[in-house]
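Novice: Build me a model from this:
(one chain, ligands or ions: 2)
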Amino acid sequence: MSEFGGNNASVVSIYGQALAPETFDPTPEVRALWEKVYNSMREEFGEAIFRSWLKPMALQACYHGTLEVSVPTRFMKDWISTHYVERIRQMCKEAGEGIERLEIVVVHGHAAEENNEVEAPKVLKSNVNEMAEKMDLSSPLDPRFKFETFVVGKSNALAHAAASRVVECNVPFNPLFIYGGVGLGKTHLMHAIAWELKEKQPEKVVMYLSAEKFMYQFVKAIRAQDTMTFKEVFRSVDVLMIDDIQFIAGKDSTQEEFFHTFNALVDQNKQIIIAADRAPSELQGIDERLRSRMSWGLVADIHSSTYDLRLGILRTRAVQLGVEVPEPVLEFLALKVTSNIRELEGALNRIVAHADVTKSEITLESTQDVLQDLLRSSDRRITIDEIQRRVAEHYNVRIADMHSSRRARSVARPRQVAMYLAKQLTARSLPEIGRKFGGRDHTTVMHAVKKVDELIAEDASFAQDVEVLRRTLTG
Ligand code: ADP
Ligand code: MG
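Specialist: Ligands and ions are numbered 1, 2, ... in the order given. Down below sits the predicted model:
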């Protein structure tokens, strides 16, 4: 059959080439045969499947024992080929006329399409996962990102609680919108939800993918002139999770499509979960309607991590890695690597790998050694004087207030921030820092560090203030 271009031959290329169409025009007998088979397909496969997949099939040609039948989309062809073609072929064979083979070809501008007869394939619950897989719509889940491995602290407690609710209750809020800076655990939480749903409610169709992939697949569907299937699949899931939604900023047609999907799902009371690097109201380049709809449900933010959370995560990771890491090393890392959790984990991995390769113990010294480059940036010999000056400037208080015993919050708070930064950015001990702040006790410094840590977790604008200060000092 090679002259016909094999399985992928399109009618256009067959007709356009060496052989004239009349060569294969089906005889009246063959037409009658096809009509018979066509009608019995409805009975054989049932009305739902027939209407979704088989109805548009149209007889094109017949040659040397091969019956050629066309469908309007590539996806439909693939689907029929994997699910029904064998049985249909058998039915043709049984109907006589010496039909041995069945060829399915894709014809753009297919008759059924022009007559508006093609219905979007009805996505049945039993096949939506398979369709999504065929079309490569969902993204794989990271087996490490589970609820069990997610450490909860003040900064992520709300997001974690919301994520747990989504798993326990049926659509408690719609959508759930999780946002926060890079590497703070948004993707981890999304995957945790998906894993948990798969385990506890396996009947639910859960789809997780990044907004980038959503766009890519949407564009691909447009190119293949098959957005119908794309739309149908997305509108048939029970839980749709889109990560990094900020990606579709400025991508108008993708947003439009997402907006329709979003509305269709909400109308059916299907759960939507979205993650972004900022709040809905801060998403520039996203249509106002979509932005406001995204904040209709629960908006949960993840703040910068606290020392305690970082320490908790490091302990969990060490257990996961199956290595004993001395507590002072973990404390040191939690104190020094504050930018994001990914970097924190990276630092721990490096130390563990180094110890493994060199067959040496993990110590505070080896840690400082291995992480030299990472730590240097935060250790640029910043002095306490400098910190006090910058902080005083920032909060508009006098430098003298850094040493004074005044307790008014307007000066006490900046003083605590300065102590916190001194602990983070210098190698000074707590008593040394206390002495530099008007001879205070080391417990006062400790209290200040704790207090600031708490405020960072609770108050986003305070956290930002501290972050800005830290950057100006280290940058
Ligand atoms: P984001 O999506 O917010 O950028 P990720 O979810 O990819 O961040 O997290 C980055 C890394 O930090 C991952 O390895 C993740 O497992 C880890 N991580 C973040 N937060 C936590 C947490 N609370 N507990 C345990 N691991 C965490
Ligand atoms: Mg992420």
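
Novice: Now do the strands for the stretch 51-200 of the chain: every range, in order, please.
Specialist: 58-63, 66-71, 101-106, 176-180 (DSSP state E, counting those that start in this stretch).

Novice: and the first one, which strands flank it?
Specialist: Here the strand partners of strand 58-63, with direction, are listed using DSSP bridges: strand 66-71 (antiparallel).

Novice: Tabulate the CA atom coordinates of the strand it pairs with in CSV.
Specialist: Extracted C-alpha coordinates of strand 66-71, given in CSV (Å, rounded to 0.1, in the frame of the first residue of the first chain):
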residue,chain,number,x,y,z
THR,A,66,-8.9,-1.5,1.8
LEU,A,67,-11.7,0.7,2.9
GLU,A,68,-10.7,4.3,3.5
VAL,A,69,-12.7,6.3,5.9
SER,A,70,-12.2,9.9,6.9
VAL,A,71,-12.6,11.9,10.1
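
Novice: between that strand and strand 101-106, how big is the angle?
Specialist: 30 degrees (axes from the mean of the first three to the mean of the last three Cα atoms, to 10 degrees).

Novice: coming back round to it: okay, the strands of the stretch 51-200 of the chain, which one's buried deepest?
Specialist: Among those, strand 176-180 has the highest mean neighbour count (mean count of other Cβ atoms under 10 Å), at a mean of 25. Where C-beta positions appear, they are placed from N, C-alpha and C, glycine not excepted.

Novice: Partner strands of it, with direction?
Specialist: strand 271-276 (parallel), strand 298-302 (parallel).

Novice: quick one: average pLDDT of the last one?
Specialist: Read that as strand 298-302. Mean pLDDT, strand 298-302: 95.

Novice: hmm, who's touching the next helix or strand after that strand?
Specialist: Remark: after strand 298-302, the chain's next helix or strand is helix 307-321, criterion DSSP states H and E. The contact list for helix 307-321, computed with Cβ atoms under 8 Å, 6 or more residues apart in numbering, reads 144, 149, 151-156, 305, 324-325, 330-331, 333-335, 337-338, 341, 344-345, 348-349, 352, 449, 453, 457.

Novice: got the buried residues for helix 307-321?
Specialist: 307-314, 317-318 (16 or more other Cβ atoms under 10 Å).

Novice: do stretch 227-240 as well
Specialist: By 16+ other Cβ under 10 Å, the buried positions in stretch 227-240 come out as 227-240.

Novice: for stretch 73-87, same thing?
Specialist: For stretch 73-87, by 16+ other Cβ under 10 Å, it's 73, 75-80, 83-85.

Novice: and what of stretch 397-415?
Specialist: Neighbour-count burial for stretch 397-415 [16+ other Cβ under 10 Å]: 397, 401-402, 411-415.

Novice: Which residue is the nearest non-sequential neighbour of the residue of the chain found nearest ligand 2?
Specialist: The chain approaches ligand 2 most closely through residue 187 (3.2 Å), counting by Cβ to the ion. Leaving aside its sequence neighbours, residue 187 sits nearest to residue 243 (Cβ to Cβ, 6 or more residues apart in numbering; 5.8 Å).

Novice: how about that neighbour, what does it touch?
Specialist: 139, 186-187, 190, 208-211, 275.

Novice: Can you give me the distance of the residue most central in space within the chain to residue 390?
Specialist: Nearest to the mean C-alpha position of the chain, by Cα atoms, centre = their mean, lies residue 243 at 3.1 Å. To residue 390, residue 243 is 37 Å away according to Cβ to Cβ, to the nearest Å.

Novice: re earlier: what subset of the buried residues of helix 307-321 is also close to ligand 1?
Specialist: Among these, the residues lying close to ligand 1 (Cβ under 6 Å from any ligand atom) are residue 313.

Novice: and of the buried residues of stretch 227-240, the nearest to residue 283?
Specialist: The shortest gap between residue 283 and any of those belongs to residue 240, at 18.0 Å (Cβ to Cβ).

Novice: Might one say that the closest one is in contact with residue 264?
Specialist: No - using Cβ atoms under 8 Å, residue 240 is not in contact with residue 264, being 10.1 Å away.

Novice: What residues does the stretch 301-450 of the chain have near ligand 1?
Specialist: 313, 341-342, 345.

Novice: so can I have TSV of those residues showing secondary structure and distance to residue 43?
Specialist: Output for these, formatted as TSV (DSSP: H, G, I helix; E, B strand; the rest coil; distance: Cβ to Cβ, whole Å):
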residue	secondary structure	distance to residue 43
313	helix	60
341	helix	58
342	helix	57
345	helix	59
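
Novice: Any chance of a ChimeraX selection covering the buried ones in those residues?
Specialist: Selecting only the buried entries of these in ChimeraX, with 16+ other Cβ under 10 Å as the criterion:
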select :313,341,345
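
Novice: from the residues of the stretch 301-450 of the chain next to ligand 1, which two are the most distant?
Specialist: Maximum pairwise distance among these (Cβ to Cβ): 10.6 Å, between 313 and 342.

Novice: Skip the chain neighbours and tell me the closest residue to the closest residue to ligand 1 within the stretch 201-350 of the chain.
Specialist: The minimum distance from the stretch 201-350 of the chain to ligand 1, using Cβ to the nearest ligand atom, falls at residue 341 (3.5 Å). Excluding its sequence neighbours, the residue lying closest to residue 341 (Cβ to Cβ, 6+ apart) is residue 183, at 5.1 Å.

Novice: same deal with residue 268?
Specialist: Residue nearest to residue 268 in three dimensions, not counting chain neighbours: residue 235, with 7.9 Å by Cβ to Cβ, 6+ apart.

Novice: if we can go back for a sec, let's have the buried residues of stretch 397-415 in JSON lines, adding secondary structure and pLDDT.
Specialist: Compiled in JSON lines, the buried residues of stretch 397-415 are given as follows (DSSP: H, G, I helix; E, B strand; the rest coil; pLDDT from 0 to 100):
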{"residue": "397", "secondary structure": "coil", "pLDDT": "92"}
{"residue": "401", "secondary structure": "helix", "pLDDT": "92"}
{"residue": "402", "secondary structure": "helix", "pLDDT": "94"}
{"residue": "411", "secondary structure": "helix", "pLDDT": "93"}
{"residue": "412", "secondary structure": "helix", "pLDDT": "95"}
{"residue": "413", "secondary structure": "helix", "pLDDT": "95"}
{"residue": "414", "secondary structure": "helix", "pLDDT": "96"}
{"residue": "415", "secondary structure": "helix", "pLDDT": "96"}
